[in-house]
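**Student:** Give me the fold of what follows.
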Amino acid sequence: MACGPLNAKAAEVCRKGALIKTDEGGVGCIHPWPELGDASLEEELAALRNGKPLALGKRALECARVDGEARNKGKNLFDGLYIPPSHATLPSCVSPATIRIMDMKGFKAGKIKANPNLKAATERITMLASMVPTWRWRLDFNGSLNVNDALKFWKDLPDHLKTRIDFIEDPCPFSQAGWERLVDAGMPLAFDMGTDTERQPMLNLDLPLTRIVKPAREETPGMLYDPPVFTTVMDHPIGQLWAVYNAAYYYRNALPTEIPLCGLCTHLLFEPDPFIDCMGGMNPQVAIPEGTGLGFDKLIEKLPWQAL
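**Tutor:** All right, here's what the predicted structure looks like:
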């Protein structure tokens, strides 16, 4: 269960998802966000049962394949890999004391799910930024604005805050003309492909965009010119570790200074449980659970698996 609302389009703190386990012993996670274009959990499981997996099911099966191969070899997938550090993902209910502790623990940037109410969004980023003057900031509107409102938000943001913004993710649904207006206004943009790729317009790669990669939703792209930011979909720890692994593997040959801050510490958004407890405390680098594959060996054995 989440500690508070997790994005601009979903207020629920208790969401449905499913873990899958293959005959080979690998595990994966399906955690839909229908509000953001995903198929429902029921649709994903029905398609998986019929042998025709949908987008999230395909990625969960790929996770289970990679995880299962490592488990069968007695190998932890993270052996020898550097874990990219992350920004602090801050829920709407975050307290000033928590932010100050995060600062002391080494976090250097914060990401917030921004409110489509422009006044509230501006007040919140202003208040949070004042608490930690050295932090960088990332905002995600989940496409909840239109182009004119996005431009107004950026225009009204004080200059001293604009210089501390790494990017604004999906301020409004993508359109070539609209996003060109945002770029021309100086807004640093980030783009999350999501799962509904068939109905998305062609993305003009000439625009200066930060690519957000969510391994639960899409295959990791080939080497991009600009370093992508890997994030979870705020799913079960098994799904979160899948995102951590993909980020660590993608940047396996990079120097730590060449890796952008990612969004991999989302376990801190949830109430503690045995899985989340294995991922470490308030630290910008996720702790890797002991065990084979993605870890959690003993916990996975105790789960009441059912045949699909």
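
**Student:** CA atoms for contacts and neighbours, from now on please.
**Tutor:** Will do.

**Student:** Quick one: the strands in this protein, in order.
**Tutor:** 18-21, 27-30, 88-90, 109-113, 136-140, 165-169, 189-192, 209-213, 229-230 (DSSP state E).

**Student:** if you compare those, which one is most tucked away?
**Tutor:** Most buried of the strands of the chain, by mean neighbour count (mean count of other Cα atoms under 10 Å): strand 27-30, with a mean of 27.

**Student:** who does it pair up with?
**Tutor:** Strand 27-30 pairs in its sheet with strand 18-21 (antiparallel), by DSSP bridges.

**Student:** one step back: mind putting the strands of the chain in TSV, distance to Leu268 and mean pLDDT included?
**Tutor:** Output for the strands of the chain, formatted as TSV (distance: least, Cα to Cα, whole Å; pLDDT from 0 to 100):
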stretch	distance to Leu268	mean pLDDT
strand 18-21	20	97
strand 27-30	18	98
strand 88-90	8	95
strand 109-113	13	96
strand 136-140	17	97
strand 165-169	21	97
strand 189-192	22	91
strand 209-213	20	92
strand 229-230	17	96
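
**Student:** out of the ones you listed, which comes closest to Ala247?
**Tutor:** strand 229-230 (5.9 Å; Cα to Cα).

**Student:** Note down every partner strand of the closest one and its orientation.
**Tutor:** strand 209-213 (parallel).

**Student:** Which residues does the partner strand contact?
**Tutor:** The contact list for strand 209-213, computed with Cα atoms under 8 Å, 6 or more residues apart in numbering, reads 167, 188-193, 220, 226-231.

**Student:** Among these, list the two that are farthest apart in space.
**Tutor:** Longest span within the contacts of strand 209-213, Cα to Cα: Pro188 and Thr220, 22.6 Å.

**Student:** ok so, going back, any chance of the strands of the chain in TSV, with distance to Ala287 too?
**Tutor:** Listed next are those as TSV, based on distance: least, Cα to Cα, whole Å:
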stretch	distance to Ala287
strand 18-21	21
strand 27-30	19
strand 88-90	15
strand 109-113	19
strand 136-140	23
strand 165-169	25
strand 189-192	26
strand 209-213	21
strand 229-230	16
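
**Student:** any chance you could map the helices in the stretch 51-200 of the chain?
**Tutor:** 55-72, 96-105, 118-131, 147-156, 159-162, 176-184 (DSSP state H, counting those that start in this stretch).

**Student:** Can you say which of these is packed in most?
**Tutor:** Among the helices of the stretch 51-200 of the chain, highest average neighbours (mean count of other Cα under 10 Å) belong to helix 55-72, with a mean of 22.

**Student:** export that one as CSV, just CAs?
**Tutor:** Provided in CSV are the C-alpha atoms of helix 55-72 (Å, rounded to 0.1, in the frame of the first residue of the first chain):
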residue,chain,number,x,y,z
ALA,A,55,2.5,-5.2,-23.4
LEU,A,56,3.0,-5.6,-19.6
GLY,A,57,2.7,-9.4,-19.8
LYS,A,58,5.4,-9.5,-22.4
ARG,A,59,7.8,-7.5,-20.2
ALA,A,60,6.9,-9.6,-17.1
LEU,A,61,7.7,-12.7,-19.1
GLU,A,62,11.0,-11.3,-20.2
CYS,A,63,11.8,-10.4,-16.6
ALA,A,64,10.9,-14.0,-15.5
ARG,A,65,13.1,-15.4,-18.3
VAL,A,66,16.2,-13.4,-17.3
ASP,A,67,15.5,-13.9,-13.6
GLY,A,68,14.9,-17.7,-14.1
GLU,A,69,18.1,-18.2,-16.0
ALA,A,70,20.1,-16.5,-13.3
ARG,A,71,18.3,-18.5,-10.5
ASN,A,72,19.0,-21.8,-12.3
